[in-house]
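Novice: just need the structure, nothing else, for what follows:
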Amino acid sequence: MKKRFGWAVVCAVLLSGCVGMPDKEGWHSSQKEEFLEILQEDKYASLCGDEALYNKVRQSEDSRLMFKLLVDYTNHLANSCIDIRSFKAAQQERKTPKFKTAYEIYRQKVDPNTIRAELKAGKSIEEILKPYVPAYREFGRLLAAYKTLEKEPDVDPAKLRKVRLSLERVKLMKPLTSKNYVLVNIPEFRVRVIEDGKTAVSMKVIVGKKRLQTPIFGEGLKYIVVNPQWNVPDSIARNEVIPKSLKNPGYLARNGLVIRKDYNLESPAQKFDPALASNYVGGKGPVPFKFIQPPSKHNDLGRVKFLFPNNHSVYMHDTQSKHLFKRTVRCYSHGCVRLERPNEMLRHIIEHYTNLTWDEAKEKYDSLKTHYISITKPLPVHTAYLTAYVEDDGTVHFFNDIYGYDKIQKLKK
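Specialist: Numbering: from 1, shown residues only. So this is what the prediction gives:
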């Protein structure tokens, strides 16, 4: 009697559709219902030009078409609804020897075979999509803002587009591997340290000039350098230091610059030779002598810099040009990020991401000698380009398209 009752329960469950064999495309009926609900509200703003396919799927519930749409939807969630091909072409057209721009795109692989296997295994659609939902708090906030604005009858289309583009740019950022991170929002001229979804530190920044743009990318913070020496890049030597030194013999001394054969201050000092130096004005390539600004209270890098090693030679640092923070538009650097309150950033990172106490770090700082301090806990740094940003209180702020990305990034249709 007990055995008969057990088989009856199993049969009832199978007939109810709660458990059963998937169809040829891997779908269970409950998964289809769930996916159609996600599509109806476009929960993750990832339908992206697939409206015609969605209408076919909604009317027919054809398993093959629905699977294609699921793969597309996952791809759009993982890799954005921005037309990457046209964007890359537009970026390439903008680049010249005098115009530097870089936008790293972190694409994720979406494997249809893996999705099919997960469907057949009975995973919910939310479980299948979860690995591709950006973990940045900015994603959830921008998504909510977009859906709210979209419903307003008198919404400004330009503002709605800024929110949508910013949302899509978060999808393209390097996948987040730490609950804590540093976000430099370039068009906002602001940096934030975000910890457990909350803003721990926030301050103004200065970013790259419009022709020497701060690149968009993400890398882990590795070192803090207190009392750094500034190794003048050859490009700056060619285009700024040498021409100014040829015009004004006192330029190097006034700016505390010395010359060595390499970037080692211990190397023998060299004198400025106008005849030799004139050969290295403008152009490209290495300069056979190096300009160095030794550590001091007047160093152009200030008293501290934060290194997240990358291919762009970009970092965050202190600055002598404090007056520039009073300006609204702050595009003045050669690409690096200058901090409004570097000591506040220094203290927070020392106390939360290194093995030093503040007193130990302060002793190194006060020595006016160069010291490297290792970061001991994960803290990725992401430079981002969000022309719409949602504050902690839910307010949406909009910013000017200082680098022109709003113009050249197109959404798929």
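
Novice: what average pLDDT does stretch 259-277 get?
Specialist: Looking at stretch 259-277 alone, the average pLDDT works out to 94.

Novice: how about stretch 299-307?
Specialist: Stretch 299-307 carries an average pLDDT of 96.

Novice: endpoints of that stretch, how far apart?
Specialist: 17 Å (C-alpha to C-alpha, to the nearest Å).

Novice: starting at the chain centroid, how far to it?
Specialist: Centre-to-centre, stretch 299-307 and its host chain are 22 Å apart (C-alpha atoms, centre = their mean, to the nearest Å).

Novice: same deal with stretch 75-88?
Specialist: 15 Å.

Novice: what about the helices in the stretch 201-350 of the chain?
Specialist: Using DSSP state H, counting those that start in this stretch, the helices of the stretch 201-350 of the chain run over residues 234-236, 242-247, 251-254, 274-277, 342-353.

Novice: reformat those helices as TSV; add mean neighbour count and distance to Val110.
Specialist: (Each C-beta comes from the backbone N, C-alpha and C, glycine too.) Formatted as TSV, the helices of the stretch 201-350 of the chain follow (neighbours: other C-beta atoms under 10 Å; distance: least, C-beta to C-beta, whole Å):
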stretch	mean neighbour count	distance to Val110
helix 234-236	17	39
helix 242-247	16	50
helix 251-254	14	55
helix 274-277	12	54
helix 342-353	18	33
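
Novice: closest to Gln409 out of these?
Specialist: Proximity to Gln409 (C-beta to C-beta) singles out helix 234-236 among the helices of the stretch 201-350 of the chain, at 27.5 Å.

Novice: give me the contacts around the closest one.
Specialist: Lys284, Gly285, Pro286, Val287, His334 (C-beta atoms under 8 Å, 6 or more residues apart in numbering).

Novice: can you list the domain ranges for this protein.
Specialist: The chain breaks down into these domains under automatic domain parsing: 18-132, 137-228+297-408, 230-293.

Novice: and those, which is most packed in?
Specialist: domain 137-228+297-408 (a mean of 18; mean count of other C-beta atoms under 10 Å).

Novice: distance between the ends of stretch 320-334?
Specialist: 15 Å.

Novice: contacts for that stretch?
Specialist: With C-beta under 8 Å, 6+ apart as the criterion, stretch 320-334 contacts 189, 204-210, 212, 214, 233, 236, 298-300, 302, 338, 340, 400, 402.

Novice: so which of those sit within strands?
Specialist: Lys204, Val205, Ile206, Val207, Gly208, Arg338 (DSSP state E).

Novice: which pair of those residues spans the longest distance?
Specialist: Most distant of the ones in strands among the contacts of stretch 320-334, by C-beta to C-beta, are Lys204 and Gly208, 15.0 Å apart.

Novice: ok, Asn75 touching Pro112?
Specialist: No: at 9.6 Å, Asn75 does not count as touching Pro112 under the criterion of C-beta atoms under 8 Å.

Novice: mind listing the strands for the stretch 301-413 of the chain?
Specialist: Taking DSSP state E, counting those that start in this stretch as the test, the strands found in the stretch 301-413 of the chain are 304-307, 316-317, 331-333, 337-339, 371-374, 380-384, 388-390, 396-398.

Novice: can you tell me which of the ones you listed is nearest to Leu246?
Specialist: Among the strands of the stretch 301-413 of the chain, strand 331-333 comes nearest to Leu246, with 23.9 Å by C-beta to C-beta.

Novice: quick one: that closest one to chain centroid distance?
Specialist: 19 Å.

Novice: all the strands of the stretch 101-250 of the chain, in order from the start?
Specialist: Assigned by DSSP E, counting those that start in this stretch, the stretch 101-250 of the chain shows strands spanning 180-185, 190-195, 198-208, 218-220, 223-226, 230-231.

Novice: go through the ones you listed and find the least confident stretch.
Specialist: Among those, strand 230-231 carries the lowest mean pLDDT, a mean of 94.

Novice: now do stretch 126-134: everything it contacts.
Specialist: Contact with stretch 126-134 is made by 34, 38, 44, 70, 73-74, 77-78, 108, 110, 115, 118-119, 139, 170-171, 173, 175-176, as judged by C-beta under 8 Å, 6+ apart.

Novice: which ones among those lie within helices?
Specialist: The members of the contacts of stretch 126-134 that map onto helices under DSSP state H are 34, 38, 70, 73-74, 77-78, 115, 118-119, 139, 170-171.

Novice: contact partners for Arg164?
Specialist: Residues in contact with Arg164 (C-beta under 8 Å, 6+ apart) are Ala45, Tyr146, Leu411.

Novice: nearest to Lys162, of the residues you listed?
Specialist: Nearest to Lys162 out of those is Tyr146 (C-beta to C-beta; 9.9 Å).
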